[in-house]
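> After the sequence you'll find the predicted model.
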Amino acid sequence: MSDFLFLYPKVLFALIPVAALLLWLRLRRKNHTLIAPHIAKAMGLNSTQTAPALLKAAALFWVIGVIALAGPSWQHAKRPSYQSGSARVLVMDMSLSMFATDIKPNRLTQARYKAIDLLNQWREGTTGLVAYATDAYTISPMTSDTQTIINQVPNLSPSIMPYPGANAAQGVSQAIEMMKNAGLDSGDIVLMTDDIDDNEKNQINDMLKGSHWHLSILGVGTASGAPIVLQDGSLMKDDANQTVIAKANFTNMNQLAQTVNGLFVPIQLDSKDVNSIIHFTKHLQTKASKNRDQNVDEVINNGYWFVLVLLLPALLLFRKGVIFALLLTATPLMMSKPAEASAWKNRDQQGYDLYQSKQYKDAQQTFNDPEWKGIADYQAGNFAGAIETLKGINTPTAQYNLGNAYAQARQFEQAIDTYEQVLKNDPNNQDAKHNLDVVKKAQQQQQQQQQQQQQQQQQQQQQQQNQNSQDQKNQQNQQNQQNQQNQQNQQNQQNQQNQGQNKSGSNQTQSQSQAQNSSQSKSSAEPQNAQNAAQKPSPQSSEQSDKQRQAKAQSRSDEQPKNDSKY
């Protein structure tokens with residue numbers, strides 16, 4: 001009995017209600033003894049019935065059931081161990097071209113679906129997950145818990161990569177290193193990508209040539225390609241401001257697979273592509289073999305013996321209405337909240353449970369440990385909060401995580417200083433070395449982008465100035481043309497006025513000339529008429545002239561003596 005133990009000791013807390021019940025019965029019994037027997041009899045209180053047999057029996061069976069559930073064990077057994085030698089690493093492309101929409105809704109979403117389908121069928125052996133852009137990153141180390149990896153796949157996106165790019169060779173190299181670190185010398189590498197250039201093809205070929213690493217490639221996308229729709233809805237453009245069309249390079253993928261005796265399949269709407277990869281990866285899986293040199297010391301749960309004792313009272317529960325009543329009683333207990341079920345855990349343990357279930361914000365509020373608070377902030381994407389929390393903690397792990405938070409917040413200068421401080425205290429920290437190199441590259445790229453942006457801004461400003469100058473010239477030319485047009489219009493109006501005046505004077509002169517001519521004609525006609533009139537006297541005129549001659553003759557005869565007397 002020296003090996004006696006309970007496999008689930010926390011279940012024994014269920015004995016507390018029985019202890020409370022027995023204590024209550026004991027106190028109740030004492031109270032009844034204080035009442036006189038004849039008074040108790042008159043009141044219907046019989047001291048001999050204070051602890052009815054049924055209640056005692058229920059308490060006894062409760063204790064037996066709790067002990068059975070606690071898993072009492074007093075036996076051990078030696079059993080041979082079994083293990084599977086299969087191992088594989090899923091390598092996923094996280095370049096911006098995965099946002100291309102030639103397969104709906106986009107390449108990234110379809111790649112996630114295929115990854116989950118593969119992981120659901122990889123239940124034997126160990127599996128790892130790597131994502132890459134310009135550099136490769138371990139998302140999940142080698143583990144037999146594929147469900148944990150499945151939970152991480154939906155969060156994969158090019159947006160979580162430190163800086164954009166694509167280097168499939170880095171992803172394959174990281175997968176090989178992961179399996180070697182796990183003590184493996186062979187395994188499968190399943191690469192999901194939409195492009196492999198010639199340089200990457202040659203590098204991967206050199207890594208896999210003559211090795212026991214087997215490559216499977218799932219080509220994502222189409223050969224015709226499609227534009228890359230970024231997360232803000234805009235289309236990705238090149239330096240010439242032309243829309244980028246991302247085309248899947250199936251030719252290089254197929255050539256690489258044939259060179260290394262691997263498998264290439266393009267992505268398909270059904271599950272044929274997944275089934276092909278599953279079938280191909282089985283060539284490395286060894287059957288579960290018995291390891292005779294190692295035995296597992298297994299503890300036997302003897303609680304089932306106590307269950308046999310409970311069968312007798314369980315038969316009484318089949319009476320009409322008893323089970324229904326128990327269900328009504330048990331339902332509220334089964335619907336208890338997780339927080340209440342975790343009453344025996346401290347806040348850090350509860351926070352860790354929330355962290356494991358990816359409820360990072362709730363975990364951050366639950367943790368008491370400031371370092372765990374910072375880690376939860378980091379996982380929740382609250383990098384500013386993680387920096388604020390972790391920069392006051394001087395442990396190596398906290399400083400390393402602080403450097404990661406600076407890097408994710410794109411505060412590269414602070415990240416470099418933090419990583420260098422970590423390496424100063426721990427020169428063998430390979431993760432810090434790797435991240436330091438990555439951040440330095442990201443800083444260089446950021447500086448280049450800033451320079452390019454400044455140059456573009458300067459070019460735009462120069463173009464704007466040139467445009468403004470050209471606009472001013474055009475405006476001045478238009479003004480000059482308008483002024484010339486106005487002057488021409490004024491000149492035309494002046495000419496028209498002058499022509500009108502000249503025409504009026506000419507008409508007046510002509511009228512005067514005509515009037516003069518008419519007057520002259522009229523004056524010349526009058527003497528002529530007079531002459532004609534003289535030449536053609538009327539009879540009246542003739543008579544008058546005769547009388548005048550007679551009168552003159554008479555006057556002459558009368559005047560003549562006067563003339564004579566004068567002489």
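Great, that's in hand. Numbers count the residues shown, from 1 in each chain.
> So V153 is in contact with A115, correct?
Yes. Using Cβ atoms under 8 Å, V153 is in contact with A115, at 5.1 Å. (Each C-beta comes from the backbone N, C-alpha and C, glycine too.)
> what bits of the chain have low per-residue confidence?
For the chain, the stretches flagged by pLDDT under 70 are 1-2, 28-54, 77-85, 283-298, 313-345, 500-567.
> Domain map for it?
1-78+299-330, 87-290, 358-443 (the TED database).
> Go through these and name the closest to N486.
N486 lies closest to domain 87-290 among the domains of the chain, at 42.8 Å (Cβ to Cβ).
> before we move on, back to that, quick one: closest of the domains of the chain to Q491.
domain 87-290 (49.9 Å).
> where's the closest one relative to the chain centroid, distance-wise?
21 Å (Cα atoms, centre = their mean, to the nearest Å).
> Report the secondary structure state of A131.
Here A131 is recorded as strand under DSSP: H, G, I helix; E, B strand; the rest coil.
> Mind listing the residues bridging to it?
Taking DSSP bridges as the rule, A131 bridges to M92, Y137.
> neighbours of it, just the number please.
Residues lying near A131 (other Cβ atoms under 10 Å) number 25.
> returning to that earlier point: can you redo the domains of the chain as CSV with distance to Y352?
Below are these laid out as CSV (distance: least, Cβ to Cβ, whole Å):
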stretch, distance to Y352
domain 1-78+299-330, 17
domain 87-290, 15
domain 358-443, 7
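> Which among those is found nearest to N477?
domain 87-290 (30.1 Å).
> hang on, the earlier thing: and the domains of the chain: which comes nearest Q481?
Proximity to Q481, assessed across those by Cβ to Cβ, is greatest for domain 87-290 (34.5 Å).
> how much space between the spatially most central residue of the chain and Q443?
Geometric centre of the chain, nearest residue: Q231, 4.2 Å, by Cα atoms, centre = their mean. Going from Q231 to Q443 by Cβ to Cβ, to the nearest Å gives 23 Å.
> circling back: helix, strand or coil: sort out the residue nearest to the centre of the chain for me.
Q231 - assigned by three-state DSSP - is coil.
> show me the contacts for Y419.
400, 403, 432-433, 435-436, 439 (Cβ atoms under 8 Å, 6 or more residues apart in numbering).
> Among these, name the buried ones.
Those of the contacts of Y419 that meet the buried threshold are 400, 403, 432, 435-436, 439, by 16 or more other Cβ atoms under 10 Å.
> all strands of the stretch 351-500 of the chain, in order?
Counting by DSSP state E, counting those that start in this stretch, the stretch 351-500 of the chain forms no strands at all.
> typo on my end, it should be the stretch 1-150 of the chain
For the stretch 1-150 of the chain, the strands defined by DSSP E, counting those that start in this stretch occupy 5-6, 72-73, 75-83, 87-93, 126-132, 136-143.
> Could you verify that I228 is part of a strand?
Yes. Counting by three-state DSSP, I228 is located in a strand.
> what residues are up against it?
Counting by Cβ under 8 Å, 6+ apart, I228 makes contact with 96-97, 99-100, 235-236, 244, 246.
> Farthest-apart pair in these, please.
S97 and L235 (12.6 Å).
> State the distance from G392 to G385.
13 Å.
> Compare those two and say which is more crowded by neighbours.
The residue with more neighbours, out of G392 and G385, is G385; 17 against 11, by other Cβ under 10 Å.
> what's the spacing between the more buried one and L354?
For G385, the distance to L354 - Cβ to Cβ - is 16 Å.
> Ok, N480 next?
N480 is 77 Å from L354, by Cβ to Cβ.
> Those two: who's more crowded?
Ranked by neighbour count (other Cβ under 10 Å), N480 and L354 place L354 first, with 22 against 10.
> Excluding chain neighbours, give the residue nearest to that one in space.
Of all residues not flanking L354 in the chain, A363 sits nearest, at 3.8 Å (Cβ to Cβ, 6 or more residues apart in numbering).
> can you check A59 too?
In this structure, A59 finds its nearest non-sequential neighbour in V18, 5.2 Å apart by Cβ to Cβ, 6+ apart.
> for the one you found, what are its contacts?
V18 touches 59, 62-63, 66, counting by Cβ under 8 Å, 6+ apart.
> From those residues, pick the one nearest A380.
Among the contacts of V18, and counting by Cβ to Cβ, the member closest to A380 is V66, at 40.1 Å.
> correct me, but the closest one touches P9?
No. V66 lies out of contact with P9 (Cβ under 8 Å); the separation is 11.2 Å.
> So which of those two has more stuff around it?
Neighbours were tallied for V66 and for P9 using other Cβ under 10 Å; the higher tally belongs to V66 (18 against 10).
> For the more buried one, give its distance to N428.
For V66, the distance to N428 (Cβ to Cβ) stands at 51 Å.
> for D194, same thing?
From D194 to N428 the distance is 37 Å (Cβ to Cβ).
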